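Peer 1: generate coordinates for the sequence data below:
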Amino acid sequence: MTQRPSRLRMALELRSVPELMGFFMSAPALWSILPRGKGRPVLVLPGFMAGDSSTRPLRTLLRALGHNAVGWGLGSNIGPTPKILDGMIALLDKLDNDDGPVDLIGWSLGGIYAREMARLAPQAVRQVITLGSPFQISDSSESNVGPMFHALQGTHSDRIVMPRIADHAREQIPVPTTAVYSRSDGIVRWKHCIDPSQPQSENIEVRGSHCGLGHNPAAVMVIADRLAHVTGQWHPYVPPAAARRLFPEPVDYVA
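Peer 2: Numbers count the residues shown, from 1 in each chain. I've put the predicted structure just below:
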């Protein structure tokens, strides 16, 4: 039987606080070396029980790099409530109408939403980048936040059931996808956060906590590179030689 991450790994999620301090210290250096954007819309979706404040450091840096990075403005992510589902659809429509296909970045549960949005409206989505998103999970008990998610299910919309069938058993997402994960994730099992090999999908491992992925310098390097690629010219991420040590060798997906 598949188990949730250990209590030790859960306790180690406290390192996300010093990881955030490290991000603030490294932000000027990151800004100086990362590729620039061209004002394209980037929608950043928060993780379970988090809101826009959790993604503000990432969005601030992305805006400084020239991206039109926005939060979702829907409060705390307590799961797929009618308000959240309708709000995300309305926001995607607005951003797509304003500036063309949208880049979606989803942290944890936010990444599951992002992948579903790309399936439902591929013409409105340019690519999906997920950060520790357990899109292969099929039982909430396999996550350390499963009991809390289950307790809130009475507020969730009956239009969608989550967790759903594992992603590998469903249709391929029709836009490029990048799945960033950490094997020391203390919230969800890292194996639930990676894709089978597909022509326009990639899995990229970084070192760090689940709760720090949105401000993990290695993850930010990946995000900035992916956002800067030319539409229609997607290719797998190749870290710069000077930063190779930040990226362990990725593993293959096994169902």
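Peer 1: residue ranges with poor pLDDT in the protein?
Peer 2: Low-confidence segments of the chain, defined by pLDDT under 70: 1-2, 98-99, 254-255.
Peer 1: now the strands for the stretch 101-250 of the chain?
Peer 2: For the stretch 101-250 of the chain, the strands defined by DSSP state E, counting those that start in this stretch occupy 102-107, 125-131, 177-181, 201-205.
Peer 1: dump these into JSON lines; add mean neighbour count as well.
Peer 2: (C-beta placed from N, C-alpha, C; glycine too.) Listed next are the strands of the stretch 101-250 of the chain as JSON lines, based on neighbours: other CB atoms under 10 Å:
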{"stretch": "strand 102-107", "mean neighbour count": "28"}
{"stretch": "strand 125-131", "mean neighbour count": "26"}
{"stretch": "strand 177-181", "mean neighbour count": "26"}
{"stretch": "strand 201-205", "mean neighbour count": "20"}
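Peer 1: how about the ones you listed in JSON lines, adding distance to T81?
Peer 2: Formatted as JSON lines, the strands of the stretch 101-250 of the chain follow (distance: least, CB to CB, whole Å):
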{"stretch": "strand 102-107", "distance to T81": "17"}
{"stretch": "strand 125-131", "distance to T81": "21"}
{"stretch": "strand 177-181", "distance to T81": "25"}
{"stretch": "strand 201-205", "distance to T81": "29"}
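Peer 1: now the helices for the chain?
Peer 2: 7-11, 16-33, 52-64, 82-99, 109-120, 146-151, 217-228 (DSSP state H).
Peer 1: which of those sits most buried?
Peer 2: Ranked by mean neighbour count under mean count of other CB atoms under 10 Å, the helices of the chain are led by helix 109-120, which reaches a mean of 24.
Peer 1: can you give the contact residues for that helix?
Peer 2: With CB atoms under 8 Å, 6 or more residues apart in numbering as the test, helix 109-120 has contacts from 43-48, 72, 77, 79-80, 84, 88-89, 92, 104-106, 124-125, 128-135, 160, 162, 167, 171, 173-175, 177, 179.
Peer 1: what's the angle from that helix to helix 82-99?
Peer 2: Angle between the axes of helix 109-120 and helix 82-99 is 60 degrees (criterion: axes from the mean of the first three to the mean of the last three CA atoms, to 10 degrees).
Peer 1: re earlier: for the helices of the chain, which one sits closest to P250?
Peer 2: helix 217-228 (11.6 Å; CB to CB).
Peer 1: counting by contacts, list what the closest one packs against.
Peer 2: helix 16-33, helix 52-64, strand 102-107, strand 125-131, strand 177-181 (3 or more CB pairs under 8 Å, 6 or more residues apart in numbering; DSSP states H and E).
Peer 1: give me the neighbour count for P163.
Peer 2: By other CB atoms under 10 Å, the residues close to P163 number 21.
Peer 1: give me phi/psi at the nearest residue to G75 once chain neighbours are set aside?
Peer 2: Closest residue to G75 apart from its sequence neighbours, by CB to CB, 6 or more residues apart in numbering: G51 at 5.7 Å. The phi/psi pair for G51 (degrees, to the nearest 10) reads phi -130, psi -160.
Peer 1: contacting residues for G51?
Peer 2: For G51, the contact set (CB under 8 Å, 6+ apart) comprises G71, L74, G75, S76, N77.
Peer 1: tally of neighbours for the third one?
Peer 2: It refers to G75. Neighbours of G75 (other CB under 10 Å): 13.
Peer 1: for P46, see how far away it is.
Peer 2: Distance, G75 to P46, using CB to CB, to the nearest Å: 10 Å.
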